[in-house]
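[1] The amino acid sequence is not available; the structure is as follows:
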């Protein structure tokens, strides 16, 4: 195991587990491509002392539209409905956060993720989505429990028309039993209806699962299996080993030890539960290897492009990913990196970037690098080489292109799909590392600038600082002037049309 041990003069010593497989951790860290550019022209945006982000633009900008929620469950980063006040930024506040997001360099494309609480409770949800689209952000998503999308196909269509591309959907298991810790009796039914409604209007779903050891760690294989069988509706699965922050920050040591779960456990459990040749030492890479493509795609765009290519230069311990290819008719699947040497390919891309030979030669070099790393004999029968070419050599040179555009044609004749499975492990007080904070790729947009995800939700408590300074009303004032919103808890069932 790899342990983090710290000593505090006030609270004494403590330790926690970072990895249960040192060899896996060493491999992931060895594949790190390095930090992005140091941020410039950001004096009013990144000014948070030792918690400040110092490098890169980030990949996902999260904006909390409200701290209200229509559920009362744990884990919860913000302890929604429990803090004694309402923090619900005005539409003018949200516009200012989005405007600031394009005011400094490097000016790269980022995903806008509206979150909460439950973001669809905000009266400015649709307006905020539309404004983000107007500014030119290439992907606009909502982190949601799915209730409103399940209850109203009309609302779902309105969100799509406003510019919402999809959702990060809370999804803790493939049965109602595995979701019962969330306090809703029929929560899986809600998720299924939300996924169907979103698919009907052309939105894609990312399943987001908080893994708690002893609660649902035995259900992560079935979640991937569910995604495989619904790959035309689900584009990504994101597993998040529990971070003891927000509602869980007061956890006792015994429970913390019991419920702690690591990325190294996740990749091994997936292989075991799915009984698959899904090798942790071959098929999983740090999320930061995506950044290998950033500079080469900027070369292809040229110096006059309005946006730089999206970059994901997070610390290697923050997250890992794997890609699997799926036959959408038979649901047979295999890890992509079993028959494509991704490790050598990203090193080839680094060499291509350093040579900087112009657009035509760069495109030719990329094609040759793809061909030399493709192992046709190990590919599944009938898998076309064109899928690999589309995935790693996008036809679009615009910064608003991403994996969803380039790796699948989504025609009825196309039998193959590619599913991304990620593990994203956010920090808490016991695993906090300032080296990860300064290169965070999932900042929060707030009234006080952009703040690292982990610094906002744990650490010195930036969430409490920002929300208390900019609270909309005390809870009693809100209830008196606005009334109470519906909260589903204590095993209540949610009414659905279907």
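    Arrived safely, thanks for sending. Keep in mind that this is a model prediction, so the values were computed, not measured. Residues are numbered from 1 along each chain as shown.

[2] Helix or strand with the lowest mean pLDDT in this protein?
    Using mean pLDDT, DSSP states H and E, the weakest-scoring helix or strand in the chain turns out to be helix 403-406, at a mean of 47.

[3] Moving C-terminal from that helix, which element do we reach first?
    Of the helices and strands lying after helix 403-406 in sequence (DSSP states H and E), the nearest is strand 416-424.

[4] So for that next one, mean pLDDT?
    Averaged across strand 416-424, pLDDT comes to 94.

[5] hmm, who's touching it?
    224, 227-228, 231-232, 234-241, 263, 266-267, 270, 287, 318-328, 333, 336, 383-384, 387, 391, 403, 407-408 (CB atoms under 8 Å, 6 or more residues apart in numbering). C-beta: built from backbone N, CA, C; applies to glycine.

[6] just the buried members of those?
    224, 227-228, 231, 234-241, 263, 266-267, 270, 287, 318-328, 333, 336, 383, 387, 391, 403, 407-408 (16 or more other CB atoms under 10 Å).

[7] now, which of the residues you listed lie within strands?
    When DSSP state E is applied, the buried ones among the contacts of strand 416-424 are split such that 234-241, 319-327, 333 fall in strands.

[8] Next, the contact list for residue 208, please.
    Contact analysis of residue 208 by CB under 8 Å, 6+ apart lists 143, 168-171, 238, 240.

[9] Can you name the residues bridging to it?
    Beta bridges link residue 208 to residue 170, residue 238 when assigned by DSSP bridges.

[10] Identify the residues contacting residue 273.
    Taking CB under 8 Å, 6+ apart, we find residue 273 in contact with 218, 220-222.

[11] Now for the closest residue in space to residue 389 that isn't next to it in sequence, how many residues are close by?
    Take residue 389 and drop its neighbours on the chain: the residue closest to it by CB to CB, 6 or more residues apart in numbering is residue 370, 5.9 Å away. Look at residue 370: counted by other CB atoms under 10 Å, it has 19 neighbours.

[12] Do I have it right that residue 370 meets residue 386?
    No - with contact defined as CB atoms under 8 Å, residue 370 and residue 386 do not form a contacting pair (10.6 Å).

[13] on that earlier part again, doesn't the residue nearest to residue 389 fall inside a strand?
    No - using DSSP: H, G, I helix; E, B strand; the rest coil, the assignment for residue 370 is helix, not a strand.

[14] contacting residues around it?
    Residue 370 sits next to 345, 388-389, 392-393 when contact means CB under 8 Å, 6+ apart.

[15] go on, residue 176?
    Listed by CB under 8 Å, 6+ apart, the contact set of residue 176 reads 185-189.

[16] Look up the pLDDT of it for me, please.
    What the model reports for residue 176 is a pLDDT of 88.

[17] Just read off the phi/psi values of it.
    When read as degrees, to the nearest 10, the backbone of residue 176 gives phi -60, psi -30.

[18] and it, how far is that from residue 498?
    The gap separating residue 176 from residue 498 is 16 Å, by CB to CB, to the nearest Å.

[19] what do you get for residue 480?
    Computed as CB to CB, the residue 480 to residue 498 distance reads 37 Å.

[20] got it, and residue 272?
    35 Å.

[21] returning to what we had before: could I get the contacts of residue 273 as a markdown table with distance to residue 94?
    Formatted as a markdown table, these follow (distance: CB to CB, whole Å):
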| residue | distance to residue 94 |
| --- | --- |
| 218 | 40 |
| 220 | 34 |
| 221 | 39 |
| 222 | 37 |
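
[22] which of these are buried?
    Using 16+ other CB under 10 Å, the buried members of these are 220-222.

[23] for those, which one is nearest residue 149?
    Ranked by distance to residue 149 (CB to CB), these are led by residue 222 at 22.3 Å.

[24] Next, the contact list for that closest one, please.
    By CB under 8 Å, 6+ apart, the residues touching residue 222 are 173-174, 273.

[25] how near is the closest residue to residue 182 other than its chain neighbours to residue 246?
    In space, and not counting its chain neighbours, residue 182 is closest to residue 73: 4.0 Å by CB to CB, 6+ apart. Computed with CB to CB, the distance linking residue 73 and residue 246 is 11 Å.

[26] ditto for residue 293
    Separation of residue 293 from residue 246 (CB to CB): 34 Å.

[27] Run through the residues that contact residue 102.
    Contacts for residue 102 (CB under 8 Å, 6+ apart) come out as residue 135.

[28] my guess is residue 434 meets residue 50, correct?
    Yes - in this structure residue 434 lies within contact range of residue 50 using CB under 8 Å: 6.1 Å.

[29] For those two, indicate the residue with more neighbours.
    Neighbours per residue (other CB under 10 Å) separate residue 434 from residue 50, with residue 434 holding more: 14 against 10.

[30] ok, now which ones touch the more buried one?
    By CB under 8 Å, 6+ apart, the contact list for residue 434 reads 50-51.

[31] how near is it to residue 214?
    As judged by CB to CB, residue 434 and residue 214 stand 30 Å apart.

[32] list the buried ones in stretch 202-216?
    Buried residues in stretch 202-216, defined by neighbour count with 16+ other CB under 10 Å: 203-213, 215-216.

[33] export those to CSV and tack on pLDDT?
    Shown next, in CSV, are these (pLDDT from 0 to 100):
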residue, pLDDT
203, 95
204, 93
205, 97
206, 97
207, 97
208, 96
209, 95
210, 92
211, 94
212, 92
213, 95
215, 89
216, 91
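
[34] Out of those, which is nearest to residue 36?
    Nearest to residue 36 among the buried residues of stretch 202-216: residue 206, at 23.3 Å, using CB to CB.

[35] my read: the closest one touches residue 233, true?
    No - counting by CB under 8 Å, residue 206 sits too far from residue 233 to count as a contact (10.8 Å).

[36] Many thanks, have a good one.
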